[in-house]
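>>> Turn this into a structure:
(3 chains)
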Amino acid sequence: MKGTIHNEESFLANIAKNLGRPVIIEGISLPVWKNSPQREVLKQATPNELVEELQEQCKRVHTEFHLTDSTQVKHRLNQVIEQLGNGPLIIPKDDRFSEYELDDLLLEKDTFVWDHQAGRKNIEKAERANIGITFSEMTLAESATVVLFNSKDHGRSISFLPSCHVSIIPKSTIVPRMTQAAAAIRSKVSRGEVIPSCINFITGPSNSADIEMDLVVGVHGPIKAVYIVVEDK
Amino acid sequence: MAMKTSSAKFKERVDEGLHNDFMRMAVSSAQERLHGRRLTAVDELGNWEDWRSLGQEIRQHVLANLDFYLHQLAENVSKRGGLVFFAETAEEASGYIKDVIVNKKAKKIVKSKSMVTEEINLNAALEAIGLDVVETDLGEYILQVDDHDPPSHIVAPALHKNKEQIREVFKEKLGYTQTEKPEELTAHVRGILRKDFLSADVGITGCNFAIAETGSIGLVTNEGNADLVTALPKTQITVMGMERLVPTFDEFEVLVSLLTRSAVGQRLTSYITALTGPRDEGDVDGPEEFHLVIVDNGRSSILGTEFQSVLQCIRCAACINVCPVYRQVGGHSYGSIYPGPIGAVLSPLLGGYDDFKELPYASTLCAACTEACPVKIPLHDLLRKHREVIVEKEKMAPFSEKMAMKAFGIGAASPMLYKFGSKMVPSAMSPFKTGDSISKGPGPLKSWTESREFPAPGKESFRDWFKNREKGGNPS
Amino acid sequence: MKVTLFATCLVDLFQSNVGKATVELLERLGCEIDFPESQICCGQPAYNSGYTKDSKEAMKKMIRTFADAEHIVTPSGSCAAMFKEYPVLFQGDVEWEKKAISLAEKTYELTQFIVDVLKVTDVGATFKGKATYHTSCHMTRLLKVKEAPSILLSHVKGLEMTPLPDAQNCCGFGGTFSVKMGDISGQMVEEKVCNIQDTGADFLIGGDSGCLMNIGGRIQRKGEPIQVLHIAEVLNGM
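Here you go, the predicted model:
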């Protein structure tokens, strides 16, 4: 489906006139920027150091941090779910739940798996869910941020509507900062891939300091956030 | 709300601000916290000057090639099925949005925080045709519930209110019965707004940065309200100031880092979202229809002028958070939705000198704003340039000031006259002297001596001392 | 070393003590002082009020006055910063641009000159008392002289320095701002003075006469026993 564009010509003509030149709509290439400090942040960090950075930053963004391995992830996730008051749960349709052998656990826990054919029901389920569980596609150590690519199998509501958000972070997804995530998205674009209609960079729970600058955690989105980092197999 | 938030005169507004003790306490404590957080965030990042230079370079490049990037953005939005509308005026923008909503037969609209929608007076236009418009940013919501109290800060719009006042507003308007604890106030709003999100027909957002290469809209919040506004209603309308875009995800990332650190001292805010087009086929949430409204509303007339750099602004409010004048008078004194140094530069450009000619003078030119700006806008110098325009082009300066400055120009350029004048000063001032200072000054000095002593000129000027000393007289 | 003194109009008219101290201090450090009589004002009051054209006449006068100087030294961060701004003002002016650049290049604020050019960090001064320092905005932000005053003060014998809370905030002077927006300015200086009082210092030291006039005026009005001194006076203390 192609969209439409209205009033572009006169709008751009006016801009060009004020800039004192004819309209330019092609032929501009990105300059090489004189500075690139963003590439220096955590440049030399080893994977373990990135985990440490992530863990440290979690404290500042009110997010519970767990580190485990693939044999223990089921056990750890179970603990986390119980601690958060159990289900209902909502999860995306994602093969990684099977890969990490979490299916049995989730079956026990009143879990709804996102089903795009069920339409609006998904949103109702998400709204009533206590916990939404996601896998982080990329994880930014500097800011303790998980990156989610939404799709028909991975509804946006999973990470917004439930009271708690648990994100499982395969250790190999951890990168220094948003710089690397942006580069990864750009390389998708340059390969001609279509990027998801919604990409989330989520850092801890929802919060606001709009009343007397006092931080209140849990405004519109989740009130609690938990990250479970899993060592690579 | 439009640009202008008050019909009171500048002096009256300032007077009210200076006498609002609570507001002043709230502002100074907020400034201190935000200042501290920003400095920490900047320090731990390191290379801050390189970051600022990079931010500046990106913004300058985009402004110099704005038509190119807007074209690229529009093409890419439409490739993904989005509907792009370029609006030269506020009326065109709100007219278009109104039509979209009316055609959808929509009743309830949820909004996430957007300064440009304030600027084009969108809420009033929608409410005038009977629509239910709900602001979902907590601060904006508080103001809306309180009979549309104007925002006093571009990041923390309800900064001027304390929790007791908010409790009273909620009690009166929402039947709220709990305490003034921010947690309880917030939980109450969460309950109300959750229903609004789920039942809204249209979601309206602003745009922190659009990404030209992918046709994406970048939204930055801590509350996550922009995500609910765009995930749940069937129609999404995003309104952006025409300069708010970046070439690619790489530059988006840099500017977001500058924004979140400068605005709130966070490495990243809780929710940063890049939305591209309407929902994909098969998606259950996200809008079925996506409109992008790109607003000029006076911005193009700033391009190509000595004020062009103000369009580099990323609306972080760092300049507001360090401004010693804002600290005393608060946001409402500016009478514009854009307060503080950025507001004092931007408001006269977008809203005209008639309404905002005093704002460029509400600064000591201390340059704290310029120093704080993450994209290196020379704000204090732009304030001075405004004064130059007001004096030399608009001819709006008061007659007495013009005469004084003429006299200064002549006096300061002529040593003879200066000498004569400076000799006159001590005797001219002597009637006002008590001891070695003046407590009740004449003319413009009165404004000084309301709160402090003015020194009486010494009997012997420095130059006389130096001359005598050279002659061998008057040893020190 | 030959130094041409730019005293500034505030010092000339209101604070001749500061001028005297500057002369004596620099002479003690081995400088030979020259004071061209045709100097008046850097033009900042008119320039900052938007009267650029009018201020340019004053500026040209200053450029001529200091044309032959080797080092121009002034006991004011703000006025030094104004000299440094001249090249921007005369950009593209065939007759004046080069001269403006030359003026700017040889201009120094007093403490900057002592530390950066004379390479002296201990001027051998003694001053007994507890003091706090007001970092003036134009000196730190426009001229970017941030360290020199505190380096010099740290070597003054007998002087105890105590930090000033919210030091980064402007005192509210701002030239014509102080009369044009007198009520706002009054609140700003009141906050500054409260912070100074909180330090328990007996002396408030600064490097810009405008700020000192403003802060001193408020201290005097409140009847506080805090003495206001220009840094030249403290460094000249023997």
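
>>> how about the helices in chain C?
For chain C, helices defined by DSSP state H occupy the ranges C:9-13, C:16-28, C:44-48, C:52-65, C:77-89, C:97-105, C:110-112, C:137, C:148-154, C:177-180, C:182-199, C:209-222, C:231-235.

>>> Hey, what's the angle from the second one to helix C:209-222? Just curious.
With axes from the mean of the first three to the mean of the last three Cα atoms, to 10 degrees defining the directions, helix C:16-28 sits at 130 degrees from helix C:209-222.

>>> Tell me the helices and strands packed up against helix C:16-28.
Counting by 3 or more Cβ pairs under 8 Å, 6 or more residues apart in numbering or on different chains; DSSP states H and E, the packing neighbours recorded for helix C:16-28 are helix B:462-470, strand C:2-5, helix C:9-13, strand C:32-34, helix C:110-112, strand C:227-230, helix C:231-235. Heads up, the C-betas are built off the backbone N, CA and C, glycines and all.

>>> can you list those in TSV and add mean pLDDT, mean neighbour count and distance to A:Val216?
Output for the helices and strands packed on helix C:16-28, formatted as TSV (pLDDT from 0 to 100; neighbours: other Cβ atoms under 10 Å in any protein chain shown; distance: least, Cβ to Cβ, whole Å):
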stretch	mean pLDDT	mean neighbour count	distance to A:Val216
helix B:462-470	90	18	59
strand C:2-5	97	20	59
helix C:9-13	90	24	50
strand C:32-34	96	15	63
helix C:110-112	98	25	47
strand C:227-230	97	20	45
helix C:231-235	97	26	47
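
>>> okay if I get those as a markdown table plus distance to chain A?
Supplementary listing: the helices and strands packed on helix C:16-28 in a markdown table, determined by distance: least, Cβ to the nearest Cβ, whole Å:
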| stretch | distance to chain A |
| --- | --- |
| helix B:462-470 | 46 |
| strand C:2-5 | 38 |
| helix C:9-13 | 39 |
| strand C:32-34 | 43 |
| helix C:110-112 | 28 |
| strand C:227-230 | 35 |
| helix C:231-235 | 36 |
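
>>> Which of the ones you listed sits closest to B:Asn222?
Closest to B:Asn222 of those is helix C:110-112 (Cβ to Cβ; 42.9 Å).

>>> That closest one packs against which elements?
Helices and strands touching helix C:110-112, by 3+ Cβ pairs under 8 Å, 6+ apart, are helix C:16-28, helix C:148-154, helix C:231-235.

>>> deepest of those, which one?
helix C:231-235 (a mean of 26; mean count of other Cβ atoms under 10 Å in any protein chain shown).

>>> List the contacts of it.
With contact meaning Cβ atoms under 8 Å, 6 or more residues apart in numbering or on different chains, helix C:231-235 is reached by C:17-18, C:21-22, C:25, C:75, C:110-111, C:114, C:123, C:125, C:127, C:131, C:133, C:149, C:152-153, C:156, C:159, C:203, C:205-207.

>>> likewise stretch B:387-396?
For stretch B:387-396, the external contacting residues (Cβ under 8 Å, 6+ apart) are B:353, B:357, B:360-361, B:397, B:402, C:48-53.

>>> what are the phi and psi values for the residue positioned nearest the centre of chain A?
The residue lying closest to the centre of chain A (Cα atoms, centre = their mean) is A:Val147, at 2.6 Å. A:Val147 adopts backbone torsions of phi -110, psi 130, taken as degrees, to the nearest 10.

>>> What's the local residue count around the nearest residue in space to it that is not next to it in sequence?
The shortest distance from A:Val147 to any non-neighbouring residue, by Cβ to Cβ, 6 or more residues apart in numbering or on different chains, is to A:Met138 (4.1 Å). Other residues near A:Met138 number 21, with proximity taken as other Cβ atoms under 10 Å in any protein chain shown.
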